[in-house]
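Student: how would this look folded up:
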Amino acid sequence: MMLLSPNMNLDGLFTMIILIMFGPAILLAIIGTFVFKKNKKAAKVLFILAVVYLIISLGICGALIAGF
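Tutor: Prediction:
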C-alpha cells in the first residue's frame, strides 16, 4: 500500500498548516490591539511576538510546504 497515492486529497492538511502558520500571529496581533489602549508596553511586546512567530512559522512551515 502506497503512503501517498496520486488521487489523495490533501486539502485538510494544507489548511491545517496554513492555520498553524498564520493563526497564532493573527491572534496575538488582535489581542495586542485590544491591550494597546490600556498598556502600550504590553501591546508592543505582543506585536513583536506576533511578528517573530510569523517569521519563524513561515520559515518552518514554508519549508514543509515547499518540500525541502
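Student: distance of M16 from A42?
Tutor: To A42, M16 is 30 Å away according to C-beta to C-beta, to the nearest Å. In short, each C-beta sits where N, CA and C put it, glycine included.
Student: which residues of the chain score low on pLDDT?
Tutor: Within the chain, the stretches with pLDDT under 70 are 1-5, 68.
Student: what ranges do the helices span in it?
Tutor: 11-35, 40-66 (DSSP state H).
Student: Give me the number of neighbouring residues for L46.
Tutor: 21 (other C-beta atoms under 10 Å).
Student: which one is it nearest to, not counting chain neighbours?
Tutor: Counting by C-beta to C-beta, 6 or more residues apart in numbering, G32 is the residue found nearest to L46 once chain neighbours are left out, at 3.6 Å.
Student: Now do the same contact list for that neighbour.
Tutor: With contact set as C-beta atoms under 8 Å, 6 or more residues apart in numbering, G32 has these partners: 43-44, 46-47, 50.
Student: Check I65 too.
Tutor: I65 makes contacts with 14, 17, as judged by C-beta under 8 Å, 6+ apart.
Student: hang on, the earlier thing: most neighbours among the contacts of G32, please name it.
Tutor: For those, the largest neighbour count, defined by other C-beta under 10 Å, is 21 neighbours, found at L46.
Student: Go ahead and confirm L54 touches A25.
Tutor: Yes. Using C-beta atoms under 8 Å, L54 makes contact with A25 at a distance of 4.1 Å.
Student: the more surrounded of these two?
Tutor: For L54 versus A25, neighbours defined as other C-beta under 10 Å are more numerous around A25 (20 against 17).
Student: how close does the more buried one sit to I31?
Tutor: The gap separating A25 from I31 is 11 Å, by C-beta to C-beta.
Student: One more: K37?
Tutor: K37 sits 12 Å away from I31, going by C-beta to C-beta.
Student: so how many other residues sit close to the closest residue in space to A43 that isn't next to it in sequence?
Tutor: Counting by C-beta to C-beta, 6+ apart, the nearest residue to A43 once its immediate chain neighbours are dropped is F36, at 3.9 Å. Neighbourhood size, F36 [other C-beta under 10 Å]: 14.
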